[in-house]
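*Asks:* Quick one, structure for this:
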Amino acid sequence: MMAGAAEDVRALFGAAVRAALEAWPALQIAVDNGFGGVHSQEKAEWLGGAVEEYFFRNADLELDEVEDFLGELMMNEFDTVVEDGSLPQVSQQLQTMFHHFQRGDRAALKEMASLITQRKCKVRATALPTAGETDEDDDANSVEEMEVAATNDGAATDGVCPQPEPSGPDSQTIKEEDIVEDGWTIVRRKK
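*Replies:* Numbers count the residues shown, from 1 in each chain. Okay, the predicted model is just below:
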């Protein structure tokens with residue numbers, strides 16, 4: 001590849017990485033709610049460059065290595081443990097993009113970035129009230145539960161972006177009797 005063409009593909013890879021991270025609901029929630037502190041937005045922007053650089057320094061990464069790296073970054077920078085199953089999906093997207101970069105496949109990188117941008121979800125997280133919220137001394141030891149609603153901003157609606165559930169009396173809620181010792185919650189199947 002010529003130097004100009006290589007820089008062009010590298011720029012496309014960077015743009016595709018940023019598109020994937022901007023469309024990642026776990027990161028959106030962390031940024032929107034300031035989990036990374038007052039500089040959450042700057043950290044999210046830095047994250048794109050850090051992920052890009054990680055791939056360039058480690059050309060033959062395994063999927064679990066990418067997952068571990070993203071999980072570590074989310075924990076260290078946003079104090080967030082990602083447990084929604086999205087880490088493997090985002091890691092796979094990033095790894096596929098890097099393979100396209102390595103082959104110099106500009107068209108595939110552009111297409112992936114475009115598809116991700118079209119499927120981008122707008123997410124909103126709200127804290128759920130817990131049963132015993134009267135004692136303020138327990139705040140340091142408590143875990144805040146969040147309800148997440150997602151809406152699709154893009155044109156694609158192929159199930160990638162879940163639609164928000166109604167919050168009426170028929171919707172599933174966590175009942176006091178479902179919370180057992182040690183903070184565990186019993187999850188029940190919808191009927």
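*Asks:* so where's the chain uncertain?
*Replies:* Applying pLDDT under 70 to the chain picks out residues 1-5, 120-183, 185-186, 191.
*Asks:* What segments of it are strands?
*Replies:* Read by DSSP state E, the chain holds these strands, from start to end of the chain: 121-127, 146-152.
*Asks:* quick check: longest helix of the chain.
*Replies:* Assignment by DSSP state H gives helix 3-22 as the longest helix of the chain.
*Asks:* can you list the residues that contact that one?
*Replies:* Counting contacts by Cβ atoms under 8 Å, 6 or more residues apart in numbering, the residues outside helix 3-22 that touch it are 1, 27-28, 44, 47-49, 51-52, 55, 90, 93-94, 97-98, 100-101, 104-106, 109-110, 112-113, 116-117, 120. Every C-beta, even on glycine, is put in place using the N, C-alpha and C of the backbone.
*Asks:* same deal with stretch 56-69?
*Replies:* Stretch 56-69 is contacted from outside by V51, Y54, F55, L87, P88, S91, Q92, L94, Q95, F98, Q102, using Cβ under 8 Å, 6+ apart.
*Asks:* and that stretch, how far apart are its ends?
*Replies:* The first and final residues of stretch 56-69 sit 14 Å from each other (Cα to Cα, to the nearest Å).
*Asks:* Please apply the same query to stretch 76-90.
*Replies:* For stretch 76-90, the separation between the terminal residues is 18 Å (Cα to Cα).
*Asks:* So which bits of it are buried?
*Replies:* Burial within stretch 76-90, assessed by neighbour count using 16 or more other Cβ atoms under 10 Å, is assigned to E77, F78, T80, V82, L87, V90.
*Asks:* Now render the contacts of stretch 56-69 as TSV, adding distance to G71.
*Replies:* Converted to TSV, the contacts of stretch 56-69 look like this (distance: Cβ to Cβ, whole Å):
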residue	distance to G71
V51	12
Y54	13
F55	16
L87	6
P88	10
S91	9
Q92	14
L94	13
Q95	15
F98	18
Q102	24
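*Asks:* Most neighbours among those residues, which one is it?
*Replies:* When neighbours are taken as other Cβ atoms under 10 Å, the top entry among the contacts of stretch 56-69 is L94 (26 neighbours).
*Asks:* ok, it touching E52?
*Replies:* No - using Cβ atoms under 8 Å, L94 is not in contact with E52; the gap is 9.2 Å.
*Asks:* mind listing the helices in this protein by residue range?
*Replies:* Applying DSSP H to the chain gives helices spanning 3-22, 25-32, 40-57, 63-78, 86-103, 106-118.
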